[in-house]
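Participant: Got a predicted model here, sequence first, then my questions.
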Amino acid sequence: MRGKPVYARRIEKLANACFLASPNIPWISASQFLDRNDQEEWAIVDVRSPRERAVSVIPGSKSLEDFEAQREKFTDTPILVYCTVGCRSGAYTQKLREQGFDAFNLRGGVLAWALQGKEFVTTNGRSTRDVHVHGARQGVLPPGYKAVR
């Protein structure tokens, strides 16, 4: 993708700020997760707000509320937690790990997912390239995606 290194550097800079806030939890990059053969076995938890999720989600993910309502089902399941960049998901990952869950934070969140060229879906399951961001600073999406505020 043309210009991908520019977007990668900008997303990494944002992700590093989140990492500094939660350095003692396991982080996993989008490419590391996507390279795994056991992705289907993971629970994916979106800790973003309902307004953000209304724009798009990573396919197969559960909202924080849905996960919490059935969390006992996931005591022996690896959990991928994400938000826009990784700050909110880092805090929730730490909480889950303190409670004994095998949770990992997605480094770079939905921005890193987009950088990998991966699909997003609406809550109705329709494919979309729209991604909620909070402002110009987080509006770091590669070509082909649309930042929605």
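Facilitator: Arrived safely, thanks for sending.
Participant: Next, the contact list for the closest residue to Ser22 other than its chain neighbours, please.
Facilitator: Among residues not flanking Ser22 along the chain, Gly90 sits closest, at 3.5 Å (Cβ to Cβ, 6 or more residues apart in numbering). (Glycine included, C-beta is placed from N, CA and C.) If you count contacts by Cβ atoms under 8 Å, 6 or more residues apart in numbering, Gly90 has them with Cys18, Phe19, Ala21, Ser22, Ile25, Trp27, Asn105.
Participant: Hmm, the fourth one is touching Ala91, no?
Facilitator: Going back to what we said before, that points to Ser22. Yes. In this structure Ser22 lies within contact range of Ala91 using Cβ atoms under 8 Å: 6.4 Å.
Participant: what are the phi and psi values for the residue nearest to Ser22?
Facilitator: phi -60, psi -40 (degrees, to the nearest 10).
Participant: Can you tell me how far it is from Glu119?
Facilitator: Applying Cβ to Cβ, to the nearest Å, the value for Gly90 to Glu119 is 24 Å.
Participant: any weak-confidence spans in this structure?
Facilitator: Along the chain, the model assigns pLDDT under 70 to residues 1-3, 136-139.
Participant: can you give me the helices for it?
Facilitator: Counting by DSSP state H, the chain has helices at residues 4-21, 30-34, 50-53, 64-69, 87-98, 109-115.
Participant: how about CSV for those helices, with distance to Gly135 added?
Facilitator: Below are the helices of the chain laid out as CSV (distance: least, Cβ to Cβ, whole Å):
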stretch, distance to Gly135
helix 4-21, 12
helix 30-34, 22
helix 50-53, 13
helix 64-69, 22
helix 87-98, 14
helix 109-115, 13
